[in-house]
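> Please work out how this folds:
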Amino acid sequence: MNASAYFGWALVVVPIALQVIYSVRALLRPHREPASRLAWVVVIVVAPVVGVVAYILFGDTNVGRRRIARLRDALKRLPSLAEINAVDLDGRGQPQVPERYAPLFRVGESISNYPPVGANRAQLMHDSDSTIDAIVADIDAATDHVHLLFYIWLPDGNGVKMVEAVKRAAMRGVICRVMVDDIGSRRLIRSPHWRDMASAKVRLARALPVGIALLRPLKGRVDMRNHRKIVVIDNSVTYCGSQNCADPAFAIKAKYAPWVDVMMRFEGPIVLQNQHLFASDWMAQIKEDLSELMRQPLRQEKAGFTAQVIGTGATVRYSAMPEMFISLMNAARHELVISTPYYVPDEPLQAALCACAHRGIATSIIFPQRNDSWIVAAASRSYYRELLDAGVRIYEYAGGLLHAKTLTVDGEVMLIGSANLDRRSFELNFENNILLHDRGMTARLRARQQTYIDAAVPIDDRTVARWSKPHQLWNNAIAMLGPVL
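Modelled structure (predicted):
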């Protein structure tokens, strides 16, 4: 057999062998829904070259063995919050949770080992600009340390305002640690502002650095990102919510502006949990032990609500975030209200949301009318018919890109943070949320959700019925790729 014959034989056999190898790999991967396995096998078989390359790049939810090892080592070195949980000796700081909600906090503790803690206070920020102003004011008042972690930090008006505040703090002797996602914040990293912070002695870190792009798949999926938004100052103040460090105009996707976010400023023992989450990320990337920060005494308060940080990511069980969402849905007895920009649920979550409405619970979900991801927009709308048939009220916010990730249950329990109701938040991203029980704070967030509803277009059966067959076909076809996406 001559060389050309061998080459022709290889052109036939090698693609088939790769199809078989990666189809088997997709079928054997643990913790994957049957629909996901089927979707990957179909992609690999129908488009051999593209399918195999896609699986190599995006098929396995692997952030890299070394990174997981470093993160687990960091968690081992950090003291357990169950041991150093800051509560008053007389019990005033003990968590107070009605029995019907106790299972929610047990689910949360099973995810990231943070116990519910009492004696917390919070303030719901008015809007994105006021959030940045409040963080800057807290940074300007810092005396010991400033810790910032953002998925996206842009060198725009608000981004530069934060840069200048951090530089001021560092120059007066406050230890400032800044971590940003290597892809989400690449514009800041490549700007003079990043170098200026380094010159001001700000300690900088890039989360999940890409490195050499062609070699990145060998170290784990390039699209597994640190999506967290964490601010911790002097172990006394923390922020949690959906907002990145940027202007509402969000210059990189300005046509969808304004971006509508929600953030809360917290004080109390909950701060230590966000500190622990930040420290684990920092120590996994930088050779610096922050354990002593966990042992610093906290200011004790007489009263406040019960709260708990829920951090998910590569070292947490794959089903953690959907379990939390489903538990909250199942806990509702009167009302469930959700806002999320991205809705690509797995089957159990979609079923739980429908079941909530079937039980007679007033169930509402708010999406942005215009989504910055046409893929997610199409996939989300493929679920509308089933949700409407179950009795779920669907609203599409028309005042910009609604980016707020919120959930309220019966006016008593709420969840706020960075996680969306999509597979990316469930399986790929590092996320942070805070679960709390308090009528007052939940009422404030519920009122904010109502402003979204008031500025939204209700979606009903007639709306969906007016969609053309090609439109419906497109939405459903994209949704089939949900397990792959």
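
> the bottom helix or strand of the protein by mean pLDDT?
helix 81-84 (a mean of 66; mean pLDDT, DSSP states H and E).

> Using CSV, list the CA coordinates for the helix or strand following that helix.
Toward the C-terminus, helix 81-84 is succeeded by helix 102-112 as the next helix or strand (DSSP states H and E). C-alpha atoms of helix 102-112 as CSV (Å, rounded to 0.1, in the frame of the first residue of the first chain):
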residue,chain,number,x,y,z
ALA,A,102,-34.4,25.4,58.9
PRO,A,103,-34.0,22.8,56.0
LEU,A,104,-33.1,25.6,53.7
PHE,A,105,-30.1,26.6,55.8
ARG,A,106,-29.2,22.9,56.2
VAL,A,107,-29.0,22.6,52.4
GLY,A,108,-26.9,25.8,52.3
GLU,A,109,-24.5,24.5,55.0
SER,A,110,-24.1,21.2,53.1
ILE,A,111,-22.9,23.1,50.1
SER,A,112,-20.1,25.2,51.4
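
> How about the host helix or strand of Asn120, which residues are buried there?
If you go by DSSP H and E, Asn120 is part of strand 117-124. Neighbour counts over strand 117-124 (16 or more other Cβ atoms under 10 Å) mark 117-122 as buried. Any C-beta I mention is one placed from the backbone N, CA and C, and that applies to glycine too.

> Counting by contacts, list what that strand packs against.
For strand 117-124, the elements it packs on are strand 263-267, helix 270-285, strand 305-312, helix 439-454, judged by 3 or more Cβ pairs under 8 Å, 6 or more residues apart in numbering; DSSP states H and E.

> Out of the ones you listed, flag the one nearest Pro98.
Of all these, strand 305-312 sits nearest to Pro98, with 9.9 Å by Cβ to Cβ.

> if we can go back for a sec, out of the buried residues of strand 117-124, who's nearest Val337?
Using Cβ to Cβ, these come closest to Val337 at Ala122, 18.4 Å.

> could you check the distance from the closest one over to Met324?
Separation of Ala122 from Met324 (Cβ to Cβ, to the nearest Å): 19 Å.

> Provide a list of residues in contact with the residue sitting nearest the centre point of the chain.
With distances taken as Cα atoms, centre = their mean, the chain has Ala419 as the residue nearest its mean C-alpha position (3.0 Å). Shown in contact with Ala419 (Cβ atoms under 8 Å, 6 or more residues apart in numbering): 227, 312, 321, 405, 425, 429, 431-433.

> Repeat the analysis, applying 6 Å as the threshold.
Contact analysis of Ala419 by Cβ atoms under 6 Å, 6 or more residues apart in numbering lists 321, 425, 431, 433.

> Counting by contacts, list what the one helix or strand the third one maps to packs against.
Secondary structure here is read from DSSP H and E; on that basis Glu431 sits in strand 431-437. In this structure, strand 431-437 packs against strand 305-312, strand 413-417, with contacts taken as 3 or more Cβ pairs under 6 Å, 6 or more residues apart in numbering; DSSP states H and E.

> Which among the ones you listed is found nearest to His145?
Sorting the helices and strands packed on strand 431-437 by Cβ to Cβ, the top spot, which is the nearest, belongs to strand 305-312 at 18.3 Å.

> Just the pLDDT for the residue nearest to Asp461 when sequence neighbours are not counted.
The shortest distance from Asp461 to any non-neighbouring residue, by Cβ to Cβ, 6 or more residues apart in numbering, is to Leu388 (5.7 Å). Leu388 carries a pLDDT score of 98 in this model.

> likewise Ala5?
Taking Ala5 on its own, its pLDDT is 63.

> Kindly report the same for Gln300.
Looking at Gln300, its pLDDT reads 67.

> Same check on Ala246?
97.

> pretty sure it contacts Leu154?
Yes - counting by Cβ atoms under 6 Å, Ala246 touches Leu154, with 4.1 Å between them.
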